[in-house]
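A.B. asks: sequence unavailable; structure follows:
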């Protein structure tokens, strides 16, 4: 009798476990999907952004084509298990900027899987006024991974300048200012007054014998040549918060954006110890503070600015 009861209990336990597995298999993805849609709507409502995380061929803001049609860049669909975490990280990053500023520079955020271009895998990239965030690589369930990447890519848009205000919002993907070449203005596009990043001043903080790579081959070699963590003091002394920053002036600024906006306490300590990092931090903070008073307040609150009220 006891054996029969035991067998029945084991049977019911097994059925319960199967049922629980079936429930979690469907319920958890359903709940995650609800949260994903909620965050996406929140970012759209607050910042006017197009948010996509499905088929990369649909990553576009009409009438412009999707970047997947660019043969030099390969983009895969995001792993559905990481989309919610990615959007949480993106939301956390976005909320450090006022909506009025974001609407001037950014029109869409796309969450993808693998992103590869120029023989290099990327954590993110940008095109027109769109930012792409990859869920591949290390720590896919760490929201900070995506926050860092978002700040990294957004800083490139700040460098290049705001969207043209003479075009409709859905067509406004022409930049009014590009610091990397002689600005070329469309006769029908009204130039926009915006803070310009002091490129020469930034470059002067580097050692006199240092030059950023000028050819794609040099760039790829620099990016692929990851240095050992124990070598960090050598690049800190040279004025780089990450060895990736040595690959281009843009990437140099990008890495400062990551650390300043996500790990300000680390940047503060580095600036106190290394004069070149202190000099670049001052330039970076001044430029960002000129973009919006909210950013000026942020840098004061985290101790990266001594500017008086």
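C.D. replies: Thanks, I have the structure now. The structure presented is a predicted model; accordingly, all values stated were derived computationally and were not measured. Numbering: from 1, shown residues only.

A.B. asks: can you give the distance of stretch 148-156 from its chain's centre?
C.D. replies: From the chain centre to the centre of stretch 148-156 is a distance of 3 Å (CA atoms, centre = their mean, to the nearest Å).

A.B. asks: contacts only, for residue 149.
C.D. replies: Applying CB atoms under 8 Å, 6 or more residues apart in numbering, we find residue 149 in contact with 89, 123, 124, 133, 134, 258. For the C-beta atoms, the positions are set from N, CA and C on the backbone; glycine is no exception.

A.B. asks: could you measure from it over to residue 124?
C.D. replies: Noted for residue 149: a distance of 4 Å to residue 124, by CB to CB, to the nearest Å.

A.B. asks: could you name every residue contacting both of those two?
C.D. replies: Here residue 149 and residue 124 share the contacting residues 133, 134, scored by CB under 8 Å, 6+ apart.

A.B. asks: that older thread, neighbour-wise, which of the contacts of residue 149 leads?
C.D. replies: With neighbours taken as other CB atoms under 10 Å, the top of the contacts of residue 149 is residue 133, carrying 28 neighbours.

A.B. asks: quick check: that residue is in a strand.
C.D. replies: Yes. The assignment for residue 133 is a strand, going by DSSP: H, G, I helix; E, B strand; the rest coil.

A.B. asks: for it, which non-adjacent residue is spatially closest?
C.D. replies: residue 124 (4.9 Å; CB to CB, 6 or more residues apart in numbering).

A.B. asks: quick one: the helices in the stretch 51-200 of the chain?
C.D. replies: 83-94, 99-105, 143-160, 199-204 (DSSP state H, counting those that start in this stretch).

A.B. asks: which parts of the stretch 1-150 of the chain are strands?
C.D. replies: Here the stretch 1-150 of the chain has its strands, by DSSP state E, counting those that start in this stretch, at 50-52, 73-77, 108-117, 120-121, 124-127, 130-134.

A.B. asks: max pairwise distance over the contacts of residue 149: which two?
C.D. replies: 134 and 258 (14.6 Å; CB to CB).

A.B. asks: returning to what we had before: nearest to residue 159, of the strands of the stretch 1-150 of the chain?
C.D. replies: Using CB to CB, the strands of the stretch 1-150 of the chain put strand 124-127 closest to residue 159, at 10.5 Å.
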